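K.L.:
how does the following fold in three dimensions:
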Amino acid sequence: MADITHGAWIKDGVPVDKVFSDGKQVYGRNLLTGTKVVKTGIIKAGSQLISGYSLAQVSIVGGETYTYSISMITMGHTGHSSIAWLDANKNIISVKAGKDNLWTANGGRFSNAFTAPSNAFYANLTPWYFSNVYTSDTNISWNQEKFEAPQLHHGHQHQKTY
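P.N.:
You can find the predicted model right below:
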C-alpha cells in the first residue's frame with residue numbers, strides 16, 4: 001500500500017513520481033522545492049521578462065513530456081510560462097512558450113505540458129513572461145510552482161508510477 005509521508009507519495013519505502021486512479025492522475029511529484037513561498041518580481045518597462053530573477057534549472061530526461069504549472073497571484077498582464085531546454089553542456093537547444101493566459105484581476109492557476117527534445121538534459125523554467133512589452137514597470141507575484149515528472153515508460157529507471 002502507498003501513502004503520503006512528508007509531502008511525498010511513498011510505495012515500499014520509495015518515493016513515486018505519479019499516482020493514477022481509474023486512469024486519472026491523482027498525485028504528481030514536484031521536481032522543484034520551496035514553491036509554497038510567495039515569490040515576487042518586477043517586469044521592467046520595455047521588457048517581457050522578470051528582472052533579476054534566477055531561473056530554476058531542473059535535470060530532465062530528453063523526449064519526455066513534463067507538466068509545468070504555477071499559481072499567479074498578481075499577473076500584471078497577459079502572459080505565459082516558458083522552458084528553455086539545455087543539452088548536457090547546458091547550452092540552449094530551444095525555448096518553448098506555453099499558451100497565453102489572459103489577465104484576470106484575481107490571477108489563477110495555469111498549466112502547460114512541454115515535451116523535451118530528445119537531446120535535452122536540463123530545463124530552465126521561466127514562471128511568467130509577458131506576451132507584449134509595456135511602458136511601465138509591473139509587479140507580479142506567484143507561488144505553488146510545480147514541474148512534474150513524466151509518467152513511467154518502459155526502459156526508464158528514474159521514476160515509478162503506481
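
K.L.:
drop to CA atoms for contacts and neighbour counts, all remaining ones
P.N.:
OK.

K.L.:
and the residue most central in space within the chain, how far is that from Ser136?
P.N.:
Centroid-nearest residue in the chain, with Cα atoms, centre = their mean: Tyr68, separated by 2.9 Å. Tyr68 is 28 Å from Ser136, where distance means Cα to Cα, to the nearest Å.

K.L.:
could you do Leu49 as well?
P.N.:
Distance of Leu49 to Ser136, given as Cα to Cα: 13 Å.

K.L.:
between the two, which one's more packed in?
P.N.:
Comparing Leu49 with Ser136 by other Cα atoms under 10 Å, the one with more neighbours is Leu49, at 19 against 11.

K.L.:
helix or strand: which one has Ile83?
P.N.:
Using DSSP states H and E, Ile83 maps to strand 79-86.

K.L.:
tell me the helices and strands packed up against that strand.
P.N.:
strand 92-97, strand 122-130 (3 or more Cα pairs under 8 Å, 6 or more residues apart in numbering; DSSP states H and E).

K.L.:
save the ones you listed as TSV, and put in distance to Thr104, mean pLDDT and mean neighbour count too.
P.N.:
Conversion of those to TSV gives the following (distance: least, Cα to Cα, whole Å; pLDDT from 0 to 100; neighbours: other Cα atoms under 10 Å):
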stretch	distance to Thr104	mean pLDDT	mean neighbour count
strand 92-97	20	95	14
strand 122-130	14	93	22
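
K.L.:
looking at those strands, which is closest to Leu32?
P.N.:
Among the helices and strands packed on strand 79-86, strand 122-130 comes nearest to Leu32, with 10.2 Å by Cα to Cα.

K.L.:
which is the next helix or strand following that closest one?
P.N.:
Sequence order places strand 138-148 as the next helix or strand after strand 122-130, per DSSP H and E.
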